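Chemist: got a predicted model here, sequence first, then my questions.
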Amino acid sequence: MLKANPAGAHMVNTASMAGLVAGPGTSACSASKYAVVALTEAIRAELAAEGGSVGLSVLTPAQVKSNIGENALKRPGPQGGAPRGSNDDHLPPGNRLEADEAARIILDGVRRNDLYIITHPEEFPPTSARHEHITQAYTTAAAR
């Protein structure tokens, strides 16, 4: 259906910064978010190979002001209660984006057809460090 739209289409999959960098206490979250990033990369490549006008991006936000923790507390049954790390009251206010600012960043990324939509550029150092470790592993492998 999306491919048939003469105006084109664009989808955005939401991961998180945990999909780019894993940290202590984030194993389950990071595994699922890495999967969203990989899925997006693979499908985007498949769409590009087919040609057409469907774009695909992956959103990797850090903290965006929301009521996720409040809503989790309302969830009935054994899954109820706030998930670990959902209460962002401990974060410095400067690190939490307002929803309208996040929306602007997302729309700008869609308009540019960005593969990765990054909302928190201050999170680049750990991402860069991860890539440096990967680069070093390739360098070491090539030297064998």
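Modeler: Cool, got the structure.

Chemist: residue closest to the middle of the protein?
Modeler: The centre of the chain sits closest to Thr60, judged by C-alpha atoms, centre = their mean, with a distance of 2.2 Å.

Chemist: give the contact list for it.
Modeler: Thr60 makes contact with 15-17, 19-20, 33, 37, 116-119, according to C-beta atoms under 8 Å, 6 or more residues apart in numbering. C-beta here means a position set from N, CA and C on the backbone, and glycine is covered the same way.

Chemist: and it, what pLDDT?
Modeler: pLDDT for Thr60: 97.

Chemist: now swap in the one 3 residues further on and tell me
Modeler: In the predicted model, Gln63 carries a pLDDT score of 90.

Chemist: shouldn't it be in contact with Asn95?
Modeler: Yes. Contact criterion C-beta atoms under 8 Å: Gln63 and Asn95 qualify, at 5.4 Å.

Chemist: next helix or strand past the lowest-mean-pLDDT helix or strand in the chain?
Modeler: Using mean pLDDT, DSSP states H and E, helix 68-74 stands out as the lowest-scoring helix or strand of the chain, at a mean of 75. As assigned by DSSP states H and E, the chain's next helix or strand after helix 68-74 is strand 96-97.

Chemist: who does that following strand pair up with?
Modeler: According to DSSP bridges, strand 96-97 has the following sheet partners: strand 63-64 (parallel).

Chemist: ok now do Val64, which residues does it touch?
Modeler: 96-99, 102, 119.

Chemist: which of the contacts of Thr60 fall in strands?
Modeler: 116-118 (DSSP state E).

Chemist: wait, which of those is closest to Gly8?
Modeler: Nearest to Gly8, judged by C-beta to C-beta, of these is Ile117 at 17.4 Å.
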